[in-house]
Each structure stands twice: as C-alpha cells, then as structure tokens.
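Asks: my questions concern the predicted model and sequence given below.
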Amino acid sequence: MNRFPYIAIFVLFISSIGLVPRFQFKTYFYPFKTNINIVQIQKKETFGQVEIKGIKEGLCNEYIDQLLKFNLTYKKYRDKLLYGFWNNTEDFDYAKFFTRADLVPKFGKKEFIDKINRFEGKIAIYKNAYGTYSGEFAVDGYIIRPPFASGPAWIRVYTNGPVVYQCENACLFGHKALNNIGHFMNDYLQPLILLPKEFRENCVCIINSLSMLNGDELLRAINVSKYIYVKEGEWVFAKRLAVAVEGRPHYMHYGMSLQILVDKLREYYKLPEIEPTRYIIFNRANKTNRHILNIDDIIARMKTDIPVKFEYVPDWIGPYYEYAKFFSSVKCMFTAAGSNCHKTVFMKKGTVAAIVGSQMFDYGALSTLMSVGIRVAVAHHQFWHFYNKCVCDVDLAIKTIRVAVYYSVNNTWPEPIPNVTFVDYDRVRYK
C-alpha cells in the first residue's frame, strides 16, 4: 500500500494550522527537466578525520589558488525603488543584529540604493580545503575567517568530525541557519550563481542538510550536477574549494546576483508572459515570526479606506514552482518582512509591495524585492523581529498600503512628506 499521499496530506494539514511552522514540504515530483544528470552524492566515512587546531583571521592568501572579483551593475541605474516611513526607526540598533554593522547599508541613506545597483564581491578558490555544514572551512587544520562577515557569531560554528567525501572541485556557501528559503536563496544560491558556468555545473556543492527541504528543486533549476548534504560534524575535502569571502554569506549578496538567479529560474519554469493583476494580503504562517495577529483589523480598515479589493492569501508550503506561477500574477502585495519575500521574487519589475517592518532593519528582505525591480513601501512597527505575536499599528499599515496602491495605479510614488517619508533616501536628513 502506498502511504505517501496520506502522509503528504497529513503534513500539509498540520503545517497549515501552525503545528510545524518551520517545516517545508518536500515535493518528489518535478515537471521540469534539465539537460544534465543531477546526482545527490552519498556520504562515506572513510576519508579520515578533521581535527581543528585553531582559527586564522583574514583571507590567508597563501592558501588561495584563484580569486574571482565581481563588479556587477544594471545597464541603467534603478531608482524610485523605495518609499520609506521614518516612524519607529529612531532606535534602530544595527549592532544588535549584525556582527559587522559597518557592512550593513543604513535605512534612509543613499548607500542602500547604491549597493543594490552595484554589487561588488569576491569568491576565493582555496587549495586543499575542508568544508562543513555551517559554511566554515579549514586548511592545514585551521579555520579560515575572512573579515567581511556581517552575520551573528552563532551561524559560524564547527566541530571536529569525519571526512565524508573528497573531490577535485567543490563550492561552499551559506551558514548554519539555512532552514528557510530566504537564507538558502540569498546566502547559498546567489553566490553560487556567480561562479563561472563550467565550474558551477561540474563542482560538488557542499550544502547544509537543513536545506534539503528547499534544495533539490532549486539546484536542479540552475543545472547543478553534483551536491552533497552535510550535517554538524561532517566535512568534505576538495583540492579546490570555492568560498564567498567578500562578503561572507549572510545577506551580503543582492542586486545583479539575484536578478541573474531569478532570470534563470524564470527560464527554467517557463513562466508565461502575463499581465499581473492581483492585489493580495500575504500573511506569514500562523505561529511563525512576524505573523500579523491583528490582520482582521487591517482588512476591515482596508475595505473602507483602500480603493481596490485585496484577496487574502496565507503563506503556504509547496514546491517553488508554485510560488513562481502564483506571484508572477501579483501586481500589489501587503506582507511582513522576512524570508517569505523570497517566494515573491517572480512579481514583475514595476509591481509593488507594502511591507510591515519591525524594530530591525531587515535589509535582506527589502533588497531582495528591490533587486528584481519590485517597488517597496515600508513602515516599521514596534515589535521584536524574532517574535510570533506581532500586532501592527493599523493606521500606519493603512498608510503604507495606500502608498503602494497609489504606485500600482499611477506608476509613480506620491510626493514624500519632509521628515516623515522619503523616496529611496532622505535628501533632507542626509545632504
């Protein structure tokens, strides 16, 4: 008796009611084909042990075989991407959320728009290196720590353990927290897509096993031919190991790298050229961080204060091609900032999102949308970013939605109010 359909239905049901909010349902059927054979490599604990002797800070150029440099810009500078509200931003504490706050663009400053328009970065190929699940890598028994890392310290961890595979060429991106689609896309796939095509399609991708729930389908979509999932304590040896060193993966890749990735996914999914028409409320899943508890109050106000009709679409779990098909039809969206934004990147250039932000400047979510030409109206509310009981300021949410709808109808932003709102960056505060 084939129990898979019943198991799948049960998993989808308990996911929908919030009992397993972080579980991603894995599909085993892909209606799309690639021109290469896809191989998930099986691990073997027959290649010895990795014993870490210490940490070396810096690039450690003596171990580098090749350094790839990237300076990617759009053909035309993209502006009028952002309509920002200053509400509740005075106490932004970047250092609370980012180890290197100096690497993080600041809300309301031109540097944020400039960084989206111009991606500069480096990938180093190290000789005779070992990589593990958290994106950490070692040479000659020492963990190498390149300096351009903005993420919290807990995502860069390692333990001694077995070497489960060895190969000629491999790549290693990501970090410990790859259990959601946002981090997997931004922190693994975006640096991966920058590798030279021949190297990318023939090397072994070393991937955190938490990404298994999203990985198979998306790796297939970009023609990765070989990959291996590793967990804590497992290592892979490569004679040549490609690693993103500037910046280190944690929302450090944006702009053209995401546009290249999404263009490739669009081609793979064969998305039809349709005119986006849908206006949606896309609430994050129940009991997950930044699920909007008072969404009913916002919807009630929208019925009287917003001139177009929105449909309510709760976040759902499914294969990525479902997101591609659905969001290509969306013209205007209201949602909270987070990894859910990475599901929506198939909204077309010139569509618009009204975003509920928190007490953290989630530049990763905002830059994801803006990198592919989706306009963003964002207002920040007084709730903790990593909290699942989020109550929005209804008046502020309605103002944000009204601005987004205005853009969707007029293809331009309303005139900003000095010291209250701005377009792209505040030319009054930051002359």
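Replies: Yep, it's here.
Asks: geometric centre of this protein: which residue is closest?
Replies: Gly182 (3.1 Å; C-alpha atoms, centre = their mean).
Asks: so where does that one fall, helix or strand?
Replies: Using DSSP states H and E, Gly182 sits within helix 181-184.
Asks: show residues contacting the helix or strand just after that helix.
Replies: The first helix or strand that comes after helix 181-184 along the chain, using DSSP H and E, is helix 190-194. Helix 190-194 is contacted by residues 68, 70, 121, 123, 171, 173, 200, 205, 222, 224, 244, 249, 253-254, 257-258, 260-261, 264 when judged by C-beta atoms under 8 Å, 6 or more residues apart in numbering. The C-beta positions use only the backbone N, C-alpha and C, and glycine is treated the same way.
Asks: ends of stretch 203-214, what's the gap?
Replies: With C-alpha to C-alpha, to the nearest Å as the measure, stretch 203-214 spans 20 Å from end to end.
Asks: do the same with stretch 322-339
Replies: In stretch 322-339, first residue to last residue: 16 Å (C-alpha to C-alpha).
Asks: figure out how far it is from the centre of its chain.
Replies: A distance of 14 Å separates the centroid of the chain from that of stretch 322-339, by C-alpha atoms, centre = their mean, to the nearest Å.
Asks: pull out the buried positions in it.
Replies: 323-324, 326-339 (16 or more other C-beta atoms under 10 Å).
Asks: pLDDT averaged over that stretch, what's the number?
Replies: For stretch 322-339, the mean pLDDT works out to 95.
Asks: likewise stretch 99-117?
Replies: The pLDDT scores in stretch 99-117 average 93.
Asks: just the buried residues of it, please?
Replies: Quick answer for stretch 99-117 (16+ other C-beta under 10 Å): 99-100, 103-108, 112-113, 115-117.
Asks: ok, back up a step: filter the contacts of helix 190-194 down to the buried ones.
Replies: Buried among those (16+ other C-beta under 10 Å): 68, 70, 121, 123, 171, 173, 200, 205, 222, 224, 244, 249, 253-254, 257-258, 260-261.
Asks: out of these, list just those in strands.
Replies: Counted as lying in strands by DSSP state E, out of the buried ones among the contacts of helix 190-194, are Leu68, Phe70, Gly121, Ile123, Cys171, Cys205, Ala244.
Asks: tell me the one among these nearest to Trp154.
Replies: Ala244 (18.9 Å; C-beta to C-beta).
Asks: okay, now the domains of this structure?
Replies: Structural domains assigned to the chain are 24-72+119-267, 82-118+269-423, following automatic domain parsing.
Asks: for stretch 268-281, list the C-alpha coordinates in PDB.
Replies: Extracted in PDB, the C-alpha atoms of stretch 268-281 (Å, rounded to 0.1, in the frame of the first residue of the first chain):
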ATOM      1  CA  TYR A 268      13.500  27.100 -16.200                       C
ATOM      2  CA  TYR A 269       9.900  27.400 -15.100                       C
ATOM      3  CA  LYS A 270       8.800  28.700 -18.500                       C
ATOM      4  CA  LEU A 271       6.700  31.300 -16.900                       C
ATOM      5  CA  PRO A 272       4.200  32.800 -19.400                       C
ATOM      6  CA  GLU A 273       4.200  36.500 -20.100                       C
ATOM      7  CA  ILE A 274       1.000  37.600 -18.300                       C
ATOM      8  CA  GLU A 275      -0.100  40.900 -17.100                       C
ATOM      9  CA  PRO A 276      -0.100  41.000 -13.300                       C
ATOM     10  CA  THR A 277      -3.500  42.000 -11.900                       C
ATOM     11  CA  ARG A 278      -3.800  40.500  -8.400                       C
ATOM     12  CA  TYR A 279      -3.800  42.600  -5.200                       C
ATOM     13  CA  ILE A 280      -3.000  40.300  -2.200                       C
ATOM     14  CA  ILE A 281      -2.600  40.200   1.500                       C
END
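Asks: for it, list every residue counted as buried.
Replies: Tyr268, Tyr269, Leu271, Pro276, Arg278, Tyr279, Ile280, Ile281.
Asks: Serialize those to TSV and add fields for pLDDT, secondary structure and distance to Leu396.
Replies: TSV is the format used below for these (pLDDT from 0 to 100; DSSP: H, G, I helix; E, B strand; the rest coil; distance: C-beta to C-beta, whole Å):
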residue	pLDDT	secondary structure	distance to Leu396
Tyr268	94	helix	39
Tyr269	94	helix	36
Leu271	90	coil	34
Pro276	97	coil	26
Arg278	98	strand	24
Tyr279	99	strand	19
Ile280	98	strand	20
Ile281	97	strand	16
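Asks: need those residues in CSV (columns: distance to Ala377).
Replies: Listed next are those as CSV, based on distance: C-beta to C-beta, whole Å:
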residue, distance to Ala377
Tyr268, 30
Tyr269, 28
Leu271, 25
Pro276, 17
Arg278, 17
Tyr279, 14
Ile280, 15
Ile281, 14
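Asks: out of the buried residues of stretch 322-339, who's nearest Ala95?
Replies: Looking across those and measuring by C-beta to C-beta, the closest to Ala95 is Ala337, at 19.3 Å.
Asks: quick one, what contacts the closest one?
Replies: Arg290, Ile355, Val356, Gly357, Ser358, Asp362, Ala365, Leu366, Val378.
Asks: same question for Arg240.
Replies: Arg240 is in contact with Asp65, Gln66, Ile125, Tyr126, Lys127, Glu168, Asn169, Ala170, counting by C-beta under 8 Å, 6+ apart.
Asks: read off the pLDDT value for the last one.
Replies: Ala170 is assigned a pLDDT of 99 by the prediction.
Asks: identify the nearest residue to it in space, disregarding sequence-adjacent positions?
Replies: Ala238 (3.6 Å; C-beta to C-beta, 6 or more residues apart in numbering).
Asks: separation between the one you found and Ile299?
Replies: To Ile299, Ala238 is 52 Å away according to C-beta to C-beta, to the nearest Å.
Asks: returning to that earlier point: mind listing which of the buried residues of stretch 99-117 are in strands?
Replies: Using DSSP E, none of those sit in strands.
Asks: TSV for those residues, including distance to Phe92?
Replies: Converted to TSV, those look like this (distance: C-beta to C-beta, whole Å):
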residue	distance to Phe92
Thr99	16
Arg100	16
Leu103	15
Val104	10
Pro105	12
Lys106	8
Phe107	7
Gly108	10
Phe112	13
Ile113	17
Lys115	17
Ile116	19
Asn117	23
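Asks: which one of the residues you listed is nearest Phe383?
Replies: Phe107 (16.7 Å).
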